[in-house]
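1. next one to model:
(one chain, ligands or ions: 1)
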Amino acid sequence: MSYADFYRRSIEAPEAFWAEQAKLIDWQTPPQQILDDSRAPFVRWFAGGTTNLCHNAVDRHLVERADQPALIAVSTETGTEKVYSFRDLHAEVRRVAASLAALGVGQGDRVLIYMPMIAEAAFAMLACARLGAVHCVVFGGFASGSLASRIEDAEPTVVVSADAGSRGGKVIAYKPLLDEAIRLSKHKPAAVLLFDRGLAPMDLADGRDHLAAALMEKHRDTEVPCVWLDATDISYTIYTSGTTGRPKGVQRDVGGYAVALAASMKHIFDGNAGETYFSTSDIGWVVGHSYIVYGPLIAGMATIMYEGLPTQGLDRQPNGGIWWQLVEKYKVTVMFSAPTAVRVLKKQDPALLKKYDLSSLRALFLAGEPLDEPTARWISDGLGVPIIDNYWQTESGWPILTVANGVERTPSRFGSPGIPMYGYKVKILHESTGEELTGANEKGVVVIEGPTPPGFMQTVWKDDERFVNTYWKSVPNKLVYSTFDWGIRDEDGYYYILGRTDDVINVAGHRLGTREIEESISGHAKVAEVAVVGVADALKGQVAMAFVVPRDGAVLGDSQAALALEGEVMKQVADQLGALARPSRVHFVGILPKTRSGKLLRRAIQAVCEGRDPGDLTTIEDPTALQQIRQSLASQT
Ligand code: AMP
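-> Numbering: from 1, shown residues only. Presented below is the predicted three-dimensional model:
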C-alpha cells in the first residue's frame, strides 16, 4: 500500500484504521468502542478494552523469547554492562512491583521516579505499569526546586530514587537533592524506595526510606499479576515546560499509548522482534518513555539503556566511538538520538565511524530539535544509512512528522522532518486570524485538528481546563491543538519547523521554559528584574541567556561586582532547577525592553543577541533599552 493511501485511510476511516492497529497488542478484553470524541477535544481511544503495558512489554514475550535479550544496561560511568533477558526482566520487574505494593502502592496511586539511567529505573516504570500505578519520571538532572514542584503536583505515594547518578565521572548525589525537595514540597510521600549503587552515602529517614535491595530480596518469589486496566486509564504523567513558570503534567492513557507505540515500531521505526534498538535519550524525557522503555519492548526488541557521555568507553577512557562499538556488539538495527549528540560526535575523529562493523544498522532517527543540514550530511555520509528526522513533542508521545518507511520507502529531505504521520491532521494556520494557509511556503502556526490519534496526551494532570485553554484555544476562532511551533509546508507536502511561537527554548534537545528560569533568577535578593531568552548556539541549538536589572545600580559600572553576581545567579539556577537550565551568560542592564503595556519584548532581545533585526518596535516603551542590551553583549564577552 502506498503511504498516501495508508494516511488517507487513517484520516477518513479512523475507527477501521485503528481497530486494525489495535491487533498489534494483547488485550484481556477487546475494545468495545474504538473512538469516542463526544467530549472533544478530549478523546477516548479503545474504550471498554482492558490491557496492561507491562504485560505487552514483558510478560507477553515470555512465551516466544524468554531467553532473548530484553534490556541491555551499559554504563560508561561505572564501567558496567549487563544483559537482562525477557525472563530476567520479568523477575526484576515483579520484585520491584512487589516492593512497591508492600509500601502501599496500588492502582491509580502515583509513583515518582527520580533516577539515573540504570536498569532499575526501567524496572520501576514497568513495575508501576504492572500494578496500574501512575508513574511520573522526573529527569535526574533536575535539582530540588524542580523536583519539589513536581512532587507537589503529582502527590506520589512513593518516590523511587537512587543514591547517585554520574556524569563524565562526576558523582551527583541524588539523595540530598531528594530530601531537600521533599522538605520543600507540601505533599510528603509515605515512603521512598532507594537503589544503592554504592556511589554516594545515604542518610535514611526512619520509617520513610527503604532500601530496594532488601525489599526485593524479601519479595524474590512473590507473584504479582498484571492488573488489567481500562484502555482509558492513566499510564503516566510527565512534566514539560510551557509559557508559565509552572510545568504541566502531560497525562497519557494505557491502551491508546500501547497501540500507538506498537504501530510506530512497525510503520515508522521498522523494528522487528529479536533485534536491538538503541536510543541515547534519557528516561526523564518522553523519548525515553516511548523509545527506550515501552516501544522497543512492546515490539519484542532488546533495548539499550546507556548511562554516560558519548565520548567515553567502558574502560572509562576517552572513546568517541563507544556508541558505534555498541551498535557492532549488539547488532543494533534501529538507533535514535538527538542532533546535539551528533554535533558533539562531529568533533571526534571521523575514522571512528569506520572502525566498527555497522552493517546491522538500518536507520538513525534524530529528534528533539531542528536538524541542520551539515550535521545531517556528516552523519549520513559517515554511517551510510538513512538519517530520519522526526518531529514530535512530549504531548504527542510519538512522531507527528517524519517518513513511514515501514509502510513505504519515502525519501527524506534535508531540513524537513517530513510529512504528517497517519492519524495526525496537521495544518498550518495564520496566527492571528486562524485562517488555514494552504499555499506552499506560507509561514504559520503548526496545529493538529482533532480527534488526536492514540498515544496523544489525554489532558493536563488534574487540570482539564488548562489543557483546553493552553493547547486548544490559542489560535483564534478554531478549536485546534497548537504545537506552538512555527512552520511551513513546501509544494510537495514536506513540513519545515521554524522555531517556537512561545517562550519555550530548546537546549541540546531539552525543552525549557524561559519563565521557569526567570522565576528562579528573580528569587535572588540582588535581582530587580530579569528576562531570559534562548540564543542560537552552534553545539546545543540554543542556550539560555539572562538579562538582569540589578537592585543595586552600582553593579552596572563595576565589572568585579557584575562577575560575582553572575556567578551567584548561575549557581542559584543550577541549585534550584538543575545545571541544564543554567544560563550561559548573565548580562546586566539598567532597563529591560518592554511594550507600553509592560510586556517583556523577549523576541526583540533574542534578535539582538543573534545579530538580527529586532523587527517592529512601535510598541516599545523605551528604545534605549535595546541599546543597553547591545552594549552589555559587547562589553561582557
Ligand atoms: P519536547 O516536548 O521536549 O519533545 O519538545 C518538543 C519541541 O521540540 C517541539 O515543539 C519543537 O519545538 C522541538 N522539536 C522536536 N523535534 C523536532 C524536529 N525534528 N525538528 C525541529 N524541532 C523539533
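2. quick check: residues of the stretch 501-637 of the chain near the ligand?
-> Proximity of the stretch 501-637 of the chain to the ligand (CB under 6 Å from any ligand atom) is limited to residues 506, 511. Any C-beta I mention is one placed from the backbone N, CA and C, and that applies to glycine too.
3. swap the cut-off to 5 Å and go again
-> Selection of the stretch 501-637 of the chain residues close to the ligand by CB under 5 Å from any ligand atom yields Arg511.
4. same check, this time on the chain
-> 367-368, 370, 389, 391, 393-394, 417, 485, 497, 511.
5. narrow the residues you listed to those in strands?
-> Taking DSSP state E, the ones among the residues of the chain next to the ligand that sit in strands are 367, 389, 485, 497, 511.
6. and those residues, which two are the farthest apart?
-> Using CB to CB, the pair of those lying farthest apart is Asp389 and Arg511, separated by 17.1 Å.
7. and the residue of the stretch 51-200 of the chain that's closest to the ligand?
-> Phe139 (10.4 Å; CB to the nearest ligand atom).
8. who's in contact with whichever strand or helix holds Arg9?
-> Arg9 belongs to helix 3-12 when assigned by DSSP states H and E. For helix 3-12, the surrounding residues in contact (CB atoms under 8 Å, 6 or more residues apart in numbering) are 16-18, 267, 403-404, 407-408, 410, 419-423, 425, 453.
9. give me the low-pLDDT residue ranges for the protein?
-> 243, 245, 636-637 (pLDDT under 70).
10. centre-most residue in it?
-> For the chain, Trp285 is the residue whose C-alpha lies nearest the centre (CA atoms, centre = their mean; 2.7 Å).
11. if we can go back for a sec, adding distance to Ala376 and neighbour count, write the ones in strands among the residues of the chain next to the ligand out as JSON lines.
-> Output for these, formatted as JSON lines (distance: CB to CB, whole Å; neighbours: other CB atoms under 10 Å):
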{"residue": "Ala367", "distance to Ala376": "12", "neighbour count": "25"}
{"residue": "Asp389", "distance to Ala376": "7", "neighbour count": "24"}
{"residue": "Asp485", "distance to Ala376": "19", "neighbour count": "20"}
{"residue": "Ile497", "distance to Ala376": "14", "neighbour count": "21"}
{"residue": "Arg511", "distance to Ala376": "21", "neighbour count": "19"}
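12. and for the residue lying closest to Arg94 once chain neighbours are set aside, the neighbour number?
-> Counting by CB to CB, 6 or more residues apart in numbering, Val224 is the residue found nearest to Arg94 once chain neighbours are left out, at 5.1 Å. Per other CB atoms under 10 Å, the neighbour tally for Val224 reads 19.
13. which ones are touching Val224?
-> Going by CB under 8 Å, 6+ apart, the list of residues near Val224 reads 94, 97-98, 101, 130-131.
14. could you list the buried residues of stretch 498-514?
-> 499-514 (16 or more other CB atoms under 10 Å).
15. just the ones of those residues in strands?
-> 499-500, 504-507, 510-513.
16. which residues are contacting stretch 96-106?
-> The set of residues external to stretch 96-106 that reach it, using CB under 8 Å, 6+ apart, is 111, 120, 123-124, 126-128, 130-133, 157-158, 160, 190-191, 193, 210, 212, 215-216, 218-219, 222, 224.
17. gap between the closest residue to Tyr391 other than its chain neighbours and Gln560?
-> Of all residues not flanking Tyr391 in the chain, Pro417 sits nearest, at 3.6 Å (CB to CB, 6+ apart). Relative to Gln560, Pro417 is positioned 47 Å away (criterion: CB to CB, to the nearest Å).
18. look at those two and report which has more neighbours.
-> Remark: of Pro417 and Gln560, Pro417 carries more neighbours, 25 against 8, as counted by other CB under 10 Å.
19. surely the more buried one meets Leu371?
-> Yes: Pro417 is within contact range of Leu371, at 7.5 Å (criterion: CB atoms under 8 Å).
20. what is in contact with those two at once?
-> Asp389.
21. if I pick Trp472, what's in contact with it?
-> 41, 479-482.
22. which one of the residues you listed has the most neighbours?
-> Neighbour counts for the contacts of Trp472 peak at Tyr481, which has 24 neighbours (criterion: other CB under 10 Å).
23. list the contacts for the spatially closest residue to it that is not a sequence neighbour?
-> Spatial nearest neighbour of Tyr481, chain neighbours left out: Ile448 (4.3 Å); criterion: CB to CB, 6+ apart. Residues counted as contacts of Ile448 (CB under 8 Å, 6+ apart) are 400, 424-427, 480-481, 483.
24. then Ile448 would be within a helix, right?
-> No: under DSSP: H, G, I helix; E, B strand; the rest coil, Ile448 sits outside any helix and is assigned strand.
25. so what's Ser337 up against?
-> 279-281, 323, 364-366.
26. okay, and the beta partners of it?
-> Leu366 (DSSP bridges).
27. if I look at it, how far off is Thr375?
-> Distance from Ser337 to Thr375, counting by CB to CB: 11 Å.
28. Phe42 now?
-> 39 Å.
29. mind listing the helices for the stretch 101-250 of the chain?
-> Applying DSSP state H, counting those that start in this stretch to the stretch 101-250 of the chain gives helices spanning 119-131, 144-154, 175-184, 212-218.
30. let me have those helices in CSV, extended by distance to Arg585.
-> Formatted as CSV, these follow (distance: least, CB to CB, whole Å):
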stretch, distance to Arg585
helix 119-131, 33
helix 144-154, 21
helix 175-184, 25
helix 212-218, 41
